[in-house]
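S.K.: Here's my sequence, what's the structure:
(chains A, B, C and D)
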Amino acid sequence: MPWTREEMAARAAGELQDGFYVNLGIGIPTLVANHVPDDIEVVLQSENGLLGIGPFPYDDEVDPDLINAGKQTVTTLPTSSFFSSADSFAMIRGGHIDLAILGAMEIAGNGDLANWTVPGKMIKGMGGAMDLVAGVKRVVVVMSHSDKEGNPKIVERCTLPLTGTGVVDAVISDYGRFILDRDRGELIVQELASDLDIAFVRARTGIPVRAA
Amino acid sequence: MPWTREEMAARAAGELQDGFYVNLGIGIPTLVANHVPDDIEVVLQSENGLLGIGPFPYDDEVDPDLINAGKQTVTTLPTSSFFSSADSFAMIRGGHIDLAILGAMEIAGNGDLANWTVPGKMIKGMGGAMDLVAGVKRVVVVMSHSDKEGNPKIVERCTLPLTGTGVVDAVISDYGRFILDRDRGELIVQELASDLDIAFVRARTGIPVRAA
Amino acid sequence: MAKRKIFPDADAALEGILFDGMTIMSGGFGLSGNPEHLIAGLLRNGVKDLTVISNNCGADGFGLWTLLNNGQIRKMVSSYIGENKLFAELYLSGKLELELNPQGTLAERIRAGGAGIPAFYTRTGVGTVVAQGKPVEEFEGALYVRETWLRADVAIVKAWKADPEGNLVYRKTARNFNPNMATAGKITIAEVEEIVPAGMLDPDQVHTPGIYVDRVIQGPSYEKRIEFRTTRPRKEENA
Amino acid sequence: MAKRKIFPDADAALEGILFDGMTIMSGGFGLSGNPEHLIAGLLRNGVKDLTVISNNCGADGFGLWTLLNNGQIRKMVSSYIGENKLFAELYLSGKLELELNPQGTLAERIRAGGAGIPAFYTRTGVGTVVAQGKPVEEFEGALYVRETWLRADVAIVKAWKADPEGNLVYRKTARNFNPNMATAGKITIAEVEEIVPAGMLDPDQVHTPGIYVDRVIQGPSYEKRIEFRTTRPRKEENA
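M.R.: Residues are numbered from 1 along each chain as shown, chains lettered A, B, ... in the order given. Take a look at the predicted model:
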C-alpha cells in the first residue's frame, strides 16, 4: 500500500543527521519536522530569515511577525537567530545548509528537477527553490510517484521548465525510498512501501529502477 | 604665509553641508571634525564599521573596542551604529557617502590620485582609500602643496602608483583652496593663504592655475 | 540643524517623489513586514505604470495586490506568485509584465544595487530559463550565471523601530527583504511601529544605519494580516 | 545530542585542523577585535607556510606580527601595512609574498566566499595596479573590475559573546571583518569573552548565526592593546 504523507515524512526524516542544518520545503517536507528522531538534533532554516524554527505556536502565541517560508505562523527556540533575505540566501548559496527536502512536479534520471511552473497553465514562481537546489549540499525530493493522471513523475528528461540541473540526490515517494544514481540515470531502491514490489514501481517510473 | 594644519582643516570644513555623511582620512582630514560649523550637522563614517563618530574619549572612557579607521580611540553619539567591514564598504562603494576628505602624495590635473606607495621605498597599503575615492560622491584632497624637496605634488600625470583615476574634485593645500577642473586639467583658485599670490602658487604647481 | 527625516504620515512622506513609470521596491515576505501605510499611500496617490520589485505582490485583497487590482502596476519583479490569483491571471493573460527571479538572486541583486556592485555570479538558475540570455562562466569547475544589480527610484520598507536619524531595527521574520531594499532606493522611506528618541537604540543592534533612510513615518496601527494561521493544541495544564 | 561546539581552550579548538601551507583568515582591524588566543595557539603549534588573510598583520610585538616574526607566514592578503615595520621590511626585501587588496574589495571578496559568489564587479581599483590582469567591463557607462571570492581552510574570529549553538554577538568596532570571515572558513573557530547559556541572546540581535561557527572558546582574559590612545581633557567639573 502506498505510503501516506506522514509515512513519507517519517521516511524523509531518516535523511537527517545529528548537527545538520536543514531547509524543509512547503507541504509534506514541512511535516518532516514532526519526525526528527529523539537522539539527534537538527536546526531548521527558513529562507525568509530564521535559523532554528520552533513548533507551531499555541493559539495565544501567534505572531504575524514570525512566519516560515510557507507563511505559516511558527515559534523560535532559545538559540534561534533572524537575518535578512540577502543574508539568508548567502547562507544557502554559500553551501552552509546540509540538506534540503522539497517537493517536485517532475524529476529526471540526470538529477534535473522541475517544480515551479506548467507553462500556460500554472505559475507559482520558483521562490527560493532554485537557490536551494543550487546551493545546498544534499537535495532530497519528497513527492507522489505518479501524477494525477497516473503518469510517471520520474522521467528520462524533464519536460517542464527546470528548477535546477543535476541536483537531486534521493527521492522519497509514496512507493518507496530511493537513491538517484545521476551518472547512470537509475533509481536505486532503498525501501519499498509494504505490499509493493519492484515490478510495480518499474511500471510507474520513467527510468530504470534497480534493487540496492 | 602658508596655512597651518589646523587652518587647512578649517578650510576643508567649508566643504561640509548640512546632513552630509562624511568620511575623513587619517592626519589633517581627521582634524576637520574640530571645525564643523555650529549651524550644520554632519555624520562621520569610519570605514572600520562606525557611523556617527563622537569626540575623542575622556581618559576614563577609553575603550579598545571603539576605534576609528586611524586606530585612534573615539566615542559614539546617541544615534551611532556599528556594522561589519563588508557592510561598511557596501555603504561606501554604493555611493551613500557624500564626501571624503583625504590626504595624497600626488594628484594630477585629470583627477588621478596617488597616496599608498612609493615603489621600492615605502609601502603603507591602500587601506580603504581606493574604495573611498571610487565610491564616494565627492573627493576633497587635503595636503601640502609641495613635497619635502619642494617639488610640486600637483602634476600633469601622476608618477606614483594610483589610488584612483579621475576622482579628485577639490584640493586644499597649505597654499590655498582650489577646485580641480578635470576636463581642462586646471586648478581653479577659490582662496589663497594670506600674503601668497597666484604667481607663487603657479611656480609650485605642475598644472595651470587660474583665478576663479 | 540637519534636515529632519521624520514625516507626519504616508502622504507627506510620498509627497514630491512619485512619478508615472517609476520603479519602486517594497519590502515584505508574503504579508509579513509589509509597508502597509506607504502602499496605501501609493494607492491614494494613483501613481501608475509602476515597476514594482517585491518578493510577492501582496495577497488577495491586501498589500501590493491593491495596486495591482487598481491597474497601477505595469511590471512586477518577484520570486513567487502562488496563492495570489489576480497576479497569476494578469500574468497568464499577458496583462502584466513579470520578471521572475529566484528569491536568493532577487535578494542579492537588491543588495548589489545598494552596495555598488553592478554584477555578480551565482550558481542559482544555471541550466534554467533564468540563465537564458545571460553570460554563463566557469569558476573552479562549476558553471555560474551572471546577474545584475537592482535599484529603485523609491524603496518603501517596514521596520519595528526608528530613531530620529533613521536608524532602523526590525522584528523577527518581518525583517526579510526590508534591510536590503533600504540600501537600494535613490530615496528610501521607512514606516515603523514606534519612533524612539535618539539614544534609545543600541548602536550594536541597529539593523539599518540611518544613512540609508531619507524619510520615516510612524504608522498609526498595523493590521499585520496572517496568511496561514497554524497552531498546535495546548496540552491540558493539569492533566 | 548535536556535536558540541564549545572547546576548553585555543589548543583544543585548533587540534586536528592545522596543516602546513594552509590558508587562514583572521579577524580584526589593527589590534581591535583580534582573536588573540587563537593566534597565540597558532604560534605555539608552529604550523607554517601559511597564507593569512587579514586586513593588517598585527602590530609590532602583537597579534599576527608574532607569526610573521616566527617565520610561519609565507603570504599575506591584506589592505594595510603602515605602522608595521617588520611587515614592510619582509615584503620590500622579497621575503614575504603580499597580495594587497583595497579594504572594501577585501571585505567583499570574503563575503562573496561565504555567500557562494565566485566573482563580482566593483569600481574600486579600476585604472590602478589592483586591476592589472583582471577583466574590466563597462556597466551603465562606467568601468568596473572583476574580483573573485576568498575562502579559507580555517577562519579565526573574535566576538564578544557566544551561546552554545555558536551564535555570536560582537561589540562596537571590534566587529569589523569578523562576521564576514566567520562565513568564509571551511572551519570557523570563534573566541569570545563570555559564553552565555542558550536563550540569553536575543534572536533579533545575533550578528553571526551559529551555522557558521564550528568551534567556540572563551578566552581567559583579553589584552585588547590600543594602538593610538587619543583622549580629550575633561573640563574642570566645578570651574
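
S.K.: quick one, what contacts residue A:98?
M.R.: A:17, A:20-22, A:136-138 (Cβ atoms under 8 Å, 6 or more residues apart in numbering or on different chains). Glycine gets a C-beta too; all of them are placed from N, C-alpha and C.

S.K.: Would you confirm that residue C:208 contacts residue C:168?
M.R.: Yes - Residue C:208 is in contact with residue C:168 according to Cβ atoms under 8 Å; the separation is 3.9 Å.

S.K.: just the strands in chain C please.
M.R.: C:23-26, C:50-53, C:73-78, C:97-100, C:119-122, C:136-139, C:142-148, C:152-162, C:168-169, C:185-195, C:215-218 (DSSP state E).

S.K.: Buried residues, the third one. List them.
M.R.: With burial defined by 16 or more other Cβ atoms under 10 Å in any protein chain shown, the residues of strand C:73-78 counted as buried are C:73, C:76-78.

S.K.: Out of the residues you listed, flag the one nearest to residue A:36.
M.R.: residue C:78 (32.7 Å; Cβ to Cβ).

S.K.: measure that closest one to residue D:10 for me?
M.R.: Relative to residue D:10, residue C:78 is positioned 48 Å away (Cβ to Cβ, to the nearest Å).

S.K.: And for residue C:153?
M.R.: Residue C:153 is 51 Å from residue D:10, by Cβ to Cβ.

S.K.: Tell me the pLDDT of residue A:88.
M.R.: Per-residue confidence (pLDDT) for residue A:88: 98.

S.K.: and the closest residue to residue C:33 other than its chain neighbours, how many residues sit next to it?
M.R.: Among residues not flanking residue C:33 along the chain, residue C:174 sits closest, at 3.3 Å (Cβ to Cβ, 6 or more residues apart in numbering or on different chains). Using other Cβ atoms under 10 Å in any protein chain shown, residue C:174 has 29 neighbouring residues.

S.K.: Same question for residue A:149.
M.R.: Count around residue A:149 with other Cβ under 10 Å applied: 5.

S.K.: For it, what is the enclosing helix or strand?
M.R.: Under the assignment given by DSSP states H and E, residue A:149 is not contained in any helix or strand.

S.K.: Please check the contacts of residue A:98 and keep the buried ones.
M.R.: Looks like the contacts of residue A:98 have A:20-22, A:136, A:138 buried, using 16+ other Cβ under 10 Å.

S.K.: Spit out the contact partners of residue C:56.
M.R.: Counted by Cβ under 8 Å, 6+ apart, residue C:56 has contacts C:28-30, C:63-64, C:78-81, C:84.

S.K.: residues in contact with residue A:112?
M.R.: So residue A:112 contacts A:157-158, A:162, A:164-168, C:127 (Cβ under 8 Å, 6+ apart).

S.K.: at 6 Å instead, please
M.R.: A:158, A:162, A:165 (Cβ atoms under 6 Å, 6 or more residues apart in numbering or on different chains).

S.K.: nearest residue to the second one other than its sequence neighbours?
M.R.: Once its chain neighbours are removed from consideration, residue A:162 has its nearest residue in residue C:128; the separation is 4.5 Å (Cβ to Cβ, 6+ apart).

S.K.: Number of residues surrounding the one you found?
M.R.: Neighbour tally, residue C:128, other Cβ under 10 Å: 23.

S.K.: that older thread, now the strands of chain C in CSV, with mean pLDDT?
M.R.: As requested, these are exported to CSV (pLDDT from 0 to 100):
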stretch, mean pLDDT
strand C:23-26, 98
strand C:50-53, 98
strand C:73-78, 98
strand C:97-100, 97
strand C:119-122, 98
strand C:136-139, 98
strand C:142-148, 98
strand C:152-162, 98
strand C:168-169, 98
strand C:185-195, 98
strand C:215-218, 98
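
S.K.: I'd like those laid out as a markdown table, including distance to chain B.
M.R.: Shown next, in a markdown table, are the strands of chain C (distance: least, Cβ to the nearest Cβ, whole Å):
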| stretch | distance to chain B |
| --- | --- |
| strand C:23-26 | 14 |
| strand C:50-53 | 16 |
| strand C:73-78 | 19 |
| strand C:97-100 | 22 |
| strand C:119-122 | 13 |
| strand C:136-139 | 20 |
| strand C:142-148 | 15 |
| strand C:152-162 | 10 |
| strand C:168-169 | 10 |
| strand C:185-195 | 10 |
| strand C:215-218 | 12 |
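
S.K.: for these, which one sits closest to residue B:73?
M.R.: strand C:168-169 (26.9 Å).

S.K.: Mind giving me the packing neighbours of that closest one?
M.R.: strand C:152-162 (3 or more Cβ pairs under 6 Å, 6 or more residues apart in numbering or on different chains; DSSP states H and E).

S.K.: quick one, the strand it packs on and strand C:185-195 angle?
M.R.: In terms of direction (axes from the mean of the first three to the mean of the last three Cα atoms, to 10 degrees), strand C:152-162 departs from strand C:185-195 by 20 degrees.

S.K.: how far off strand C:73-78 does strand C:152-162 point, in degrees?
M.R.: Going by the same axes, to 10 degrees, strand C:152-162 makes 60 degrees with strand C:73-78.

S.K.: Just checking strand C:152-162 against chain D, any contact.
M.R.: No - applying Cβ under 6 Å from any Cβ of the partner chain, one finds strand C:152-162 separated from chain D by no less than 8.5 Å.

S.K.: What is that strand packed up against?
M.R.: Counting by 3+ Cβ pairs under 6 Å, 6+ apart, strand C:152-162 packs on strand C:23-26, strand C:168-169, helix C:178-182, strand C:185-195.

S.K.: what residues does the third one touch?
M.R.: To tie it back to what came earlier, the one meant is helix C:178-182. A:84, A:86, C:25, C:27, C:33, C:107, C:110-111, C:155, C:157-158, C:170, C:188, C:207-208, C:212.

S.K.: which of those residues lies closest to residue B:188?
M.R.: Closest approach between the contacts of helix C:178-182 and residue B:188, by Cβ to Cβ: residue C:212, at 33.9 Å.

S.K.: surely that closest one meets residue C:186?
M.R.: No - using Cβ atoms under 6 Å, residue C:212 is not in contact with residue C:186; the gap is 11.1 Å.

S.K.: Count the residues that sit near residue C:99.
M.R.: The number of residues near residue C:99, taken as other Cβ under 10 Å, comes to 13.

S.K.: distance of the residue lying closest to it once chain neighbours are set aside from residue C:135?
M.R.: Closest residue in space to residue C:99, ignoring its immediate chain neighbours: residue C:77 at 4.6 Å, by Cβ to Cβ, 6+ apart. According to Cβ to Cβ, residue C:77 stands 20 Å off from residue C:135.

S.K.: Same check on residue A:72?
M.R.: Going from residue A:72 to residue C:135 by Cβ to Cβ gives 38 Å.

S.K.: which of these two has more neighbours?
M.R.: residue A:72 (20 against 12).

S.K.: Now do the more buried one, the pLDDT please.
M.R.: pLDDT, read off for residue A:72, is 95.

S.K.: now the farthest one out in chain A, which residue is it?
M.R.: With distances taken from the mean C-alpha point of chain A and given as Cα atoms, centre = their mean, the most distant residue is residue A:60, at 30.4 Å.

S.K.: pLDDT value on that residue, please?
M.R.: For residue A:60, pLDDT reads 93.

S.K.: For chain C, which residues are neighbours of chain A?
M.R.: Counting by Cβ under 6 Å from any Cβ, chain C sits next to chain A at C:29-30, C:32, C:79-82, C:88, C:100, C:102-104, C:107-108, C:111, C:123-125, C:127-129, C:171-177, C:179-180, C:224, C:226-232, C:234.

S.K.: Return a PyMOL selection command for the buried portion of the residues you listed.
M.R.: In PyMOL, this line selects whichever of those come out buried by 16+ other Cβ under 10 Å:
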select buried, chain C and resi 29+30+32+79+80+81+82+88+100+102+103+104+107+108+111+123+124+125+127+128+171+172+173+174+175+176+177+179+180+224+226+227+230
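
S.K.: partners of the worst-scoring helix or strand of chain A on mean pLDDT in the sheet?
M.R.: Least confident helix or strand, chain A: strand A:122-123 with a mean of 88, by mean pLDDT, DSSP states H and E. Partner strands for strand A:122-123, per DSSP bridges, with pairing direction: strand A:117-118 (antiparallel).
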